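A.B. asks: Dropping the sequence and predicted coords here.
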Amino acid sequence: MNKRIQLNEKELKQYIKRLTEEVEDEYYKISPEEYIELMRYGSYHGKAITKMKKFQGKPLWITGNLNLDGTPTDSLGNVGYVDGTLNISRTNVSSIEGVKVKSYVSDYNSPRERIREKQELNVKLGEQESLRDSDEWMLERGDETGEKAHALFDNLVNTGEIDPLSEDDKEKLIVLRRKLQDLEREYEELEDSDRVSELFDAIEETKEEIEELEENNVDVYMMYAHPRYSHYGLQQFEVLIPGFKDREYTVGTEEEMDNAALAYAKSYIDEVGADGFSESFIEDYLDVDAIVNMAEEDYDYQVRDYPDSYFSDSDYQLTYEQEQRIEQLESQIEDLEQQQFELDSDDDNYYEYEEDIQNQIDALQEELDSIEVDTEPTEDMIENKVAELVRDVRRDPLDYLKNLGYDIKEYIDEDELAQGLVDSDGWGIMNSYDGNYDSEEVNGITYYIMRTN
């Protein structure tokens, strides 16, 4: 029985390190800059580098990002590993087979891109051919994707984007293909040299006729439904016809278009925030009640803690009790003064009576003079002032948020704003190509078609 070997963490790290070093020893390490310099000396022919003795026949390990964009490079030579990204855009490189790249490869406008795209196209055409063989999208089957593909195909026909072959032209194409096979077979077996030129011209002429017909030999199965990608939930299609490269279309029902437009609007709001809208538009979608409640709490605190900022001297008044006491004191003083006036000066006790009354009057007057307005706001004053300030906020909630530097987005009803954006601009908001859409009816259902790229 084999004995299982167990390694602790330290031993495992050492083992991995040793394996890595062994792998790296199989390569000759070179910096991207040094590699590009060597490529210049070799007129950008990678095979010239392969023959250099200094590399000892080892594949090259590029120690960083390798950017060959725009150079006349036709081959990477003996590069085996790129420890970063590899950019062969606008080069003459057709293959990087055998080259491992740690990150990603950019091959825009290179032979490799064209080969890769051709391979990808052939895979898609193969998938569609399987659908065609089983007539998967026959309208009688009611397949939803098939109906959408028919809607797109019909729209491209109706708008003149494509011109499918008639039944006569399809038959003609079959005849021409058979004719070409016969001509090529005769050309290969030809023994009479006098007919070479004649047969060659006939072959070329037949090829031209076939190519001209094949350009329009299209059907609904040339509409490729992306299995992984959608446009805000809408079914996305690619048209596998020459001349339609990089075009993208979406097809959806009315409900799907509504949902997609709403999803786009919410995504747009998340991306641009409140700054993406005019104040007059966004004001209709503020959560006014939430803003008012916040303002009410804030002002109640501010007015109570900093009354001098909200009240002037003229805002304070005597209390009802104070006013009642003043009336009472003034009446008492008036009565005493009347009694003092009516005293008999001939009375032996006149001066004693007068002094006593005056003392009473002075005491009452002293109390009267001591009554002052209380500069502490009453509960009614505070409540009224807060209500007044909150009324202003309800009239212009946006101004309140801006003045206090609050994030307006936090007080927007985003669902309502998204729906408002859709109601305002329609489905075209999610079409960055031209903002338009068409419709086609298939099996009694109206489908809407947009070109998005």
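C.D. replies: Thanks, I have it.
A.B. asks: At which residues are the helices of the stretch 251-400 of the chain located?
C.D. replies: For the stretch 251-400 of the chain, applying DSSP state H, counting those that start in this stretch gives helices covering 254-272, 279-282, 288-305, 320-341, 350-370, 379-395, 397-403.
A.B. asks: Packing partners of the longest one?
C.D. replies: Helices and strands touching helix 320-341, as assessed by 3 or more C-beta pairs under 8 Å, 6 or more residues apart in numbering; DSSP states H and E, comprise helix 350-370. Glycine gets a C-beta too; all of them are placed from N, C-alpha and C.
A.B. asks: Now do the buried residues in the helix it packs on.
C.D. replies: Neighbour-count burial for helix 350-370, counted by 16 or more other C-beta atoms under 10 Å, picks out 357, 360-361, 364.
A.B. asks: cool, and stretch 431-441?
C.D. replies: Here stretch 431-441 shows 431, 437-438, 440 as buried, counting by 16+ other C-beta under 10 Å.
A.B. asks: quick one: contacts of it?
C.D. replies: With contact meaning C-beta atoms under 8 Å, 6 or more residues apart in numbering, stretch 431-441 is reached by 150-152, 154-155, 158-159, 257, 427-429, 446-453.
A.B. asks: any idea how far Gln322 is from Val373?
C.D. replies: Computed as C-beta to C-beta, to the nearest Å, the Val373 to Gln322 distance reads 8 Å.
A.B. asks: any idea how far Gln119 is from Glu410?
C.D. replies: Glu410 is 50 Å from Gln119, by C-beta to C-beta.
A.B. asks: just Trp61 next, same as before
C.D. replies: 28 Å.
A.B. asks: The two: who's more crowded?
C.D. replies: Trp61 (18 against 10; other C-beta atoms under 10 Å).
A.B. asks: per-residue pLDDT, the more buried one?
C.D. replies: With respect to pLDDT, Trp61 scores 93.
A.B. asks: repeat for Gln6
C.D. replies: 62.
A.B. asks: go on, Tyr35?
C.D. replies: On the pLDDT scale, Tyr35 gets 92.
A.B. asks: would you say it is within a helix?
C.D. replies: Yes: per DSSP: H, G, I helix; E, B strand; the rest coil, Tyr35 lies within a helix segment.
A.B. asks: any idea what sits nearest it, other than its immediate chain neighbours?
C.D. replies: Among residues not flanking Tyr35 along the chain, Ile62 sits closest, at 5.8 Å (C-beta to C-beta, 6 or more residues apart in numbering).
A.B. asks: rewinding a little: which among the contacts of stretch 431-441 end up buried?
C.D. replies: 150-152, 154-155, 257, 427, 447-452.
A.B. asks: Around Val101, how many other residues sit close by?
C.D. replies: 16.
A.B. asks: Would you confirm that it contacts Thr85?
C.D. replies: Yes: contact criterion C-beta atoms under 8 Å: Val101 and Thr85 qualify, at 7.2 Å.
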